[in-house]
Every structure is written in C-alpha cells, then in structure tokens.
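A.B. asks: Just need the structure, nothing else, for what follows:
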Amino acid sequence: MDDQHGTTHFGYRDVPAGEKQKLVGEVFTSVAGKYDLMNDLMSMGIHRLWKRHFVATCQVARGDAVLDLAGGTGDIAALLKQRVGPEGSLVLGDINGAMLRVGRDRMIDRGNVRGFSYVQCNAQALPFPDASFDLVTIAFGLRNVTDKDAALREINRVLKVGGQARVLEFSEVTADWFKPVYDFHSFRVLPRLGRLFAGDAGSYQYLAESIRKHPPQDQLKAMMEAAGLARCSYRNLNAGIVAIHTGYKV
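C.D. replies: Predicted structure coming up:
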C-alpha cells in the first residue's frame, strides 16, 4: 500500500509518495486547456458516450446532493445537474486549481450557475462532513490519486446511508486480440498526437502509463469493499477499455 513515506508509481517511474501529487498536478496544469482534446485523443472520442452512459445509469434523483470528484472541465457535472434539477446541489471538486477554473468557466458559459459550487480538494481528505451526499462520482481521476484506498474510504464517509459511489476509469482490456492494438495506440500514437496538438508528449505518455498501473477490475472492486462500501460491482465497456464500478454506503 502506498503511503506518504514510501514510494509509489508515477506512470512507470517509482517516485516518493509525497511527490506524486505535485507531479500529477504539473501534468494537469499543463493539459488543462486541452483536456477535452486529450480525452478525445485517448479514447478516439468515445469518452463522451462513456460519460453519458455513466451518468444515465447513476442512482440519482431530483433534489439530490452530488459530489463529482476530479471534476475536471465539468462534463460529468453538467450531465448530473440535468438529473438533480434546480432543487438539487452539485459540488465539483478537483485537486488542481487550473482544471477547476476551466470547469467553472465552462459551467458559467453554459448558463449552469444555480446549484453549483466548486471546491479545490484532495480526494484523500475531503473537507465535507459525514453523510453529506446522495451520490459521489469520480471519472477518469482515481488512477491519479496517490492513496486510492484513502480516497475510497473518504468517499464512503461522506455518503449518506443508501448513497451510491461510482467510479468511471480506464481499466484492463479483456480481449487478448485487442491488447496489441490498444498498446500501439497508447504508447506510439498518443504521445505523438499530444506533441502535435498540445505541444506536450510527456504528459500524454504519463497518462497512458497511468492507465496500465491502475488496479484492474477485480482488484478495484476488492478495494472498494475494503473501504466499507457494500454491494460492489463493475461493468466493462468496450472490452474493458473502461469499467464502471459501483458501491453503496450501508
């Protein structure tokens, strides 16, 4: 288990655990203005469909209080707000100030003001009371957290009893025939596209590596259970390129 005094992975590099947050922060500060382009390059545009399916299948109702962690540029938050309605509340949280500003500005540009709040926070130590939210989501962000176990415990803590935790994340490809194609896209094509379109090959290389270092489906399910979440399950999308994990507060 990672701790702040040991080592952890930053892509394929081993780094002091206390330094990972800073290194990840540099990546996302670098790519904040190109974040949607980054996701389009990584997923060939399919991330937009994944996010819509993720939100459409969440346990959420009008008037609910929702926390969207690693909220990035607000894609998930905007979709969730349509479901909770004007009487619901949505907190967009992100550890990276540049990403949070992009998300806030995009929400304002779309006319999404009422019911939104923005909090720069670390998923490992959330600044919210126990039992604050009906739903907590984190999409394409858990793999960048230094101590994932701590983050999952915090998600469980801030959920109301019966509330749902949902994780959308790149995962382990299940189809053997597809793995070489996926690896070629990730490690040969993606960094070159990053250099061409965003002037930043290194950040895209890290993001491809971070996917391979993320716990595979069954391991993440076990981690969610160990964090105290119940009825944990997952569903693979597109042969396991991504998976949706679900758990509940009891």
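
A.B. asks: what residues are up against residue 205?
C.D. replies: Counting by C-beta atoms under 8 Å, 6 or more residues apart in numbering, residue 205 makes contact with 11, 187, 190-191, 194. C-beta: built from backbone N, CA, C; applies to glycine.

A.B. asks: just residue 216 next, same as before
C.D. replies: 171-172.

A.B. asks: how about the helices of this protein, start to end?
C.D. replies: Taking DSSP state H, the helices of the chain run over residues 17-31, 35-43, 47-56, 75-84, 97-109, 148-158, 179-184, 190-198, 201-213, 217-226.

A.B. asks: Turn those into JSON lines, columns for mean pLDDT and distance to residue 169.
C.D. replies: Below are the helices of the chain laid out as JSON lines (pLDDT from 0 to 100; distance: least, C-beta to C-beta, whole Å):
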{"stretch": "helix 17-31", "mean pLDDT": "69", "distance to residue 169": "15"}
{"stretch": "helix 35-43", "mean pLDDT": "72", "distance to residue 169": "12"}
{"stretch": "helix 47-56", "mean pLDDT": "95", "distance to residue 169": "10"}
{"stretch": "helix 75-84", "mean pLDDT": "93", "distance to residue 169": "12"}
{"stretch": "helix 97-109", "mean pLDDT": "87", "distance to residue 169": "17"}
{"stretch": "helix 148-158", "mean pLDDT": "98", "distance to residue 169": "10"}
{"stretch": "helix 179-184", "mean pLDDT": "87", "distance to residue 169": "15"}
{"stretch": "helix 190-198", "mean pLDDT": "75", "distance to residue 169": "17"}
{"stretch": "helix 201-213", "mean pLDDT": "79", "distance to residue 169": "8"}
{"stretch": "helix 217-226", "mean pLDDT": "98", "distance to residue 169": "8"}
